[in-house]
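1. Build me a structure from this.
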Amino acid sequence: MLESEIIQIKDLIVEEIEPEIIYYCETAPLHIFLVIWDIEMGNMEKHIYLRRILKYVNVPIDITTYSSKGFKKYIQQNFLSDLVNSSRILYEKDKIPILQN
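-> Numbering: from 1, shown residues only. Coordinates of the predicted model:
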């Protein structure tokens, strides 16, 4: 996946839902986006909503979502910990936009 495609996906997510943070991890052949998003909606509903936003993305991606509270609770689990450790941060809500990329 090209860097421009990664940034385009990040921008689509940020414009639509204003997440707390977005992590990106490339694990061939998938590209994983971990989205931390605080809204009164279950993880499955969040996942479906993000899939609708990204329905025209033509590369294999996976989306994982957590609330900030859920993320802090489950960060010690192997899957989530490994994912975060092998990811890079694409977006943080309270960071200066010029520094994000």
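2. quick one: residue 3 from residue 90, how far?
-> 10 Å (CB to CB, to the nearest Å). C-beta here means a position set from N, CA and C on the backbone, and glycine is covered the same way.
3. and the helix or strand bottoming out on mean pLDDT in the chain, which residues are buried?
-> Scoring the helices and strands of the chain by mean pLDDT, DSSP states H and E places helix 78-85 at the bottom, with a mean of 84. For helix 78-85, the buried set under the neighbour-count rule, 16 or more other CB atoms under 10 Å, comprises 80, 83.
4. what's the answer for stretch 4-21, then?
-> 6, 9, 10, 13, 14, 17, 19, 20, 21.
5. Equivalent analysis for stretch 21-41, please.
-> Residues of stretch 21-41 classed as buried: 21-25, 31-38 (neighbour count, 16+ other CB under 10 Å).
6. distance between the ends of that stretch?
-> Terminal residues of stretch 21-41 are spaced 17 Å apart (CA to CA, to the nearest Å).
7. Kindly report the same for stretch 72-82.
-> First-to-last residue span, stretch 72-82, CA to CA: 14 Å.
8. Pull the residues that contact that stretch.
-> 66, 71, 84 (CB atoms under 8 Å, 6 or more residues apart in numbering).
9. Tell me how far the lengthiest helix in the chain lies from the chain's centre.
-> The longest helix of the chain (DSSP state H) is helix 3-17. Remark: helix 3-17 is offset 9 Å from the chain centroid, using CA atoms, centre = their mean, to the nearest Å.
10. just the strands in this structure please.
-> For the chain, the strands defined by DSSP state E occupy 21-27, 30-36, 61-66, 88-92.
11. Could I get the average pLDDT for the first one?
-> Averaging pLDDT along strand 21-27 yields 92.
12. Next: the second one.
-> Per-residue pLDDT values across strand 30-36 average out to 92.
13. residue contacts, residue 26?
-> Residue 26 neighbours (CB under 8 Å, 6+ apart): 1, 32.
14. hey, what's it bridged with?
-> residue 31 (DSSP bridges).
15. Give me the distance between residue 31 and residue 24.
-> On the measure of CB to CB, residue 31 and residue 24 end up 7 Å apart.
16. scratch that, residue 1
-> Applying CB to CB to residue 1 and residue 24 gives a distance of 9 Å.
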